[in-house]
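J.: this one's sequence-less:
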């Protein structure tokens, strides 16, 4: 009886994790090549922290332009980096 409850509970957790992963995929934004992104958006799309994106920009690994004190990144630059 206890093992049935444990198995049911673990099955429920497994199902919830799978559902959450599926929702993440469905809700994730596709990178659009001609769209301009800020560093927070780029970081989210790339699965990185904002400071990591800033480091990549400073190292010349991602092309970006600084306007009004903030970096702007073209979608193609993100796609190029991610394809490496």
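T.: In hand now; what should we look at? All values reported here derive from a predicted model rather than from experimental measurement. Numbering: from 1, shown residues only.
J.: can you map out the strands along this protein?
T.: 36-38, 65-67, 70-74 (DSSP state E).
J.: buried set for the first one?
T.: What that stands for is strand 36-38. Residues of strand 36-38 classed as buried: residue 37 (neighbour count, 16 or more other Cβ atoms under 10 Å). From N, CA and C alone the C-beta is placed, and that goes for glycine too.
J.: roughly how far apart are residue 78 and residue 35?
T.: Going from residue 78 to residue 35 by Cβ to Cβ, to the nearest Å gives 9 Å.
J.: same check, this time on residue 79
T.: Residue 79 is 11 Å from residue 35, by Cβ to Cβ.
J.: returning to what we had before: compare residue 78 and residue 35 (neighbour count), which wins?
T.: A side-by-side neighbour count of residue 78 and residue 35, using other Cβ atoms under 10 Å, places residue 78 first with 24 against 14.
J.: isn't that one up against residue 39?
T.: No. If you go by Cβ atoms under 8 Å, residue 78 and residue 39 don't touch, sitting 10.8 Å apart.
J.: hang on, the earlier thing: out of the strands of the chain, nearest to residue 57?
T.: strand 70-74 (5.7 Å; Cβ to Cβ).
J.: low-confidence stretches in the protein?
T.: Low-confidence segments of the chain (pLDDT under 70): 1-9, 11-12, 19-28.
J.: how about a cut-off of 90?
T.: Applying pLDDT under 90 to the chain flags residues 1-32, 47, 84.
J.: quick one, domains of it?
T.: When the chain is parsed with automatic domain parsing, its domains come out as 1-30, 36-82.
J.: looking at these, which is buried most?
T.: Stretch with highest mean neighbour count among these: domain 36-82 (a mean of 16; mean count of other Cβ atoms under 10 Å).
J.: end-to-end on that domain?
T.: Domain 36-82 has its terminal residues 16 Å apart, counting by Cα to Cα, to the nearest Å.
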